[in-house]
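Engineer: Need a 3D model of the following:
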Amino acid sequence: MVVAVCSAGCVKPEDDYQAFIARPVLVRDGGVADVTLTKCDQLLEENLDGVYYTSCRPRDLPVPFALAVNQTVKRAADGGATTLSLSFTPLKINAASVADTIGTVITVDPATLDANCAYTMNIGTLTLPKNANSLNRDLTATGVLLRGRLQTVERSCGELDGRVDLIDLSLAGDGDICVFVRAPDDGSIPTVNDPGDYACSPSDLPPR
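Structural biologist: Next up is the predicted model:
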């Protein structure tokens, strides 16, 4: 008969087995994958629907104009693309509330959000009545694109592209910034500091 001798440093099979059955077990909810959420995924878990005070400041005409924007974010139930819907209404000069609008509501087709919560929205034609801009005349911008990114529940930014023929204003380069700030429940106008708050890094936006 052969007898196996185990010294102090030897690992016994029964010890391995006891350690195996005593190990902690990770329990997951049924059907839920263990996936790390991106910053965009985490943001989309929040309620992003609401009214946003939007102030836009053209680079070559650095006098802001303002819009009341209704924002809706819709996540596809089947895991498909998430879409962003915006409707714009010009605000009067010196508006005290997001209800102090003038002109008609501008509604455009929804835009698809990418993995970074960025989007390109084709607005087309945007008209500011004379009581909604500092030049005191009706201004119409054509070929308007908004390239933006959702940043937080409270704040987002974007870059306008387009042209205003009446005053020969081009919005073709970087620096024509729009800032979206969630309006308080009482509808009062949030503070947007000029020029410091008009910032939106081109690297955060979709390419032209």
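Engineer: element containing the residue nearest to Thr112 when sequence neighbours are not counted?
Structural biologist: If you skip the residues right next to it in sequence, Thr112 has Ala81 as its closest partner in space, 4.8 Å away by Cβ to Cβ, 6 or more residues apart in numbering. In this view, the C-beta of every residue, glycine as well, is placed from N, C-alpha and C. For Ala81, there is no host helix or strand (DSSP states H and E).
Engineer: Run a quick neighbour tally on Ala81.
Structural biologist: 12 (other Cβ atoms under 10 Å).
Engineer: Specify the beta-bridge partners of the most centrally placed residue in the chain.
Structural biologist: Geometric centre of the chain, nearest residue: Leu150, 1.0 Å, by Cα atoms, centre = their mean. Assessed by DSSP bridges, Leu150 has beta-bridge partners Ser156.
Engineer: quick one: it and Leu43 touch, right?
Structural biologist: Yes: with contact defined as Cβ atoms under 8 Å, Leu150 counts as touching Leu43 (6.1 Å).
Engineer: Mutual contacts of the two, please.
Structural biologist: Cys117 (Cβ atoms under 8 Å, 6 or more residues apart in numbering).
Engineer: next helix or strand past the lowest-mean-pLDDT helix or strand in the chain?
Structural biologist: Least confident helix or strand, the chain: helix 13-21 with a mean of 50, by mean pLDDT, DSSP states H and E. Sequence-wise, the next helix or strand downstream of helix 13-21 (DSSP H and E) is helix 39-44.
Engineer: neighbouring contacts of that next one?
Structural biologist: With Cβ under 8 Å, 6+ apart, helix 39-44 has contacts from Val73, Arg75, Thr82, Leu113, Ala115, Asn116, Cys117, Leu150, Gln151, Thr152, Val153.
Engineer: which of those residues are buried?
Structural biologist: Val73, Thr82, Leu113, Cys117, Leu150, Gln151 (16 or more other Cβ atoms under 10 Å).
Engineer: Can you lay out the residues you listed as CSV showing distance to Ser55?
Structural biologist: What follows is these, written out as CSV (distance: Cβ to Cβ, whole Å):
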residue, distance to Ser55
Val73, 21
Thr82, 25
Leu113, 22
Cys117, 20
Leu150, 17
Gln151, 15
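Engineer: which SS class is Gln71?
Structural biologist: Counting by DSSP: H, G, I helix; E, B strand; the rest coil, the backbone at Gln71 sits in strand.
Engineer: Then Arg163?
Structural biologist: From three-state DSSP, the assignment for Arg163 is strand.
Engineer: Tell me how many other residues surround the nearest residue to Pro62 once chain neighbours are set aside.
Structural biologist: The shortest distance from Pro62 to any non-neighbouring residue, by Cβ to Cβ, 6+ apart, is to Pro195 (7.1 Å). Using other Cβ under 10 Å, Pro195 has 10 neighbouring residues.
Engineer: Distance of the residue nearest to Thr112 relative to Asp60?
Structural biologist: 35 Å (Cβ to Cβ, to the nearest Å).
Engineer: coming back round to it: please tell me how far the residue nearest to the centre of the chain sits from Gly158.
Structural biologist: Distance from Leu150 to Gly158, by Cβ to Cβ: 10 Å.
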